[in-house]
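Trainee: model the following, please.
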Amino acid sequence: MNHDDQPVSGVKWVSLAQVQANDYNPNSVADNELHLLYTSILHDGYTQPVVCVYDSITDKYIIVDGFHRHLVMKLYPDIYERTGGELPVVVIDKPINDRMASTIRHNRARGKHSVAGMSNMVFNMLENGMDDAAICRDLGMEADELVRMKYISGFAKLFENTEYRKAWETTRQIRLKKEWQDANGKD
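Mentor: Sure thing, here's the model as predicted:
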C-alpha cells in the first residue's frame, strides 16, 4: 500500500526560526503540563511532528497543531541543541477556515485522562517497583495528587501482610530493594 498521500509520510526537519505560531489557536497549557511535555520530549524525543502549512510569501511554516512542542524547543536550550535547532514538521495544504477547524480537531481529539485509568496506571507502576518520586517526576504529578491516585486505586491492598514501614512501599518494592541490598552486600 502506498502512503505517499499521507502528511506523516513527508516529515521534514525545519529550522526553528522558520516556524511560526498561528494567530488563532485558543489552546493553552498550564505550566505543569508544559513542563511535562518538556520531560516527554527530553525522555522520548519528538514522537509527533508539528503540523504546519507552508507560506511561500514569508518562507515560513505556520503551525496548525503542535504549538507547545514548538514552544518547548524555544524555551529549553537542551532540546534545541539535541535537534540542532530543527523541528520535525509535516505540511498540509488547506485554506484558513479548514486550518482553524484542523487546529480545533487536533486539540479536542486528545481527550482527557480518566481518574480511574490514571489511578490504575499509578497502581501498576507502584506494583512494578517504581517509587513515588519517580512517578511524580515522570507523570508530572504533585505528591498530594499521587496520594489521591493511590487511594482511588485501592493501593492499601498492596500492604496486606506487609510489615509497617515509615514510607509507603509495596511488597515488590521491598523485595527489589532487598535483592539489590543482597547483591551489593548492603544491609
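Trainee: next one: stretch 88-97 to chain centre, how far?
Mentor: 23 Å (CA atoms, centre = their mean, to the nearest Å).
Trainee: tell me the mean pLDDT for it?
Mentor: In this model, stretch 88-97 has an average pLDDT of 91.
Trainee: that stretch spans what distance, first to last residue?
Mentor: End-to-end distance of stretch 88-97: 24 Å, with CA to CA, to the nearest Å as the criterion.
Trainee: contacts for it next, please.
Mentor: Contacts to stretch 88-97, defined as CB atoms under 8 Å, 6 or more residues apart in numbering, come from residues 7-8, 10-14, 19, 46, 48-54, 61, 64, 66, 99, 102. Quick note: C-beta positions are derived from backbone N, CA and C, even for glycine.
Trainee: what of stretch 28-45?
Mentor: Contacts of stretch 28-45 (CB under 8 Å, 6+ apart): 47, 68-69, 71-72, 75-76, 78-79, 82, 137-140.
Trainee: in strands only, show me these.
Mentor: Of these, none are assigned to strands by DSSP state E.
Trainee: ok so, going back, mark which of the contacts of stretch 88-97 are buried, thanks.
Mentor: 14, 19, 46, 49-53, 61, 64, 66, 99, 102 (16 or more other CB atoms under 10 Å).
Trainee: adding secondary structure and distance to Met121, write these out as TSV.
Mentor: Converted to TSV, these look like this (DSSP: H, G, I helix; E, B strand; the rest coil; distance: CB to CB, whole Å):
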residue	secondary structure	distance to Met121
Val14	strand	34
Val19	strand	33
Tyr46	coil	23
Pro49	coil	26
Val50	strand	27
Val51	strand	28
Cys52	strand	32
Val53	strand	36
Tyr61	strand	35
Val64	strand	30
Gly66	coil	25
Arg99	helix	34
Ser102	helix	30
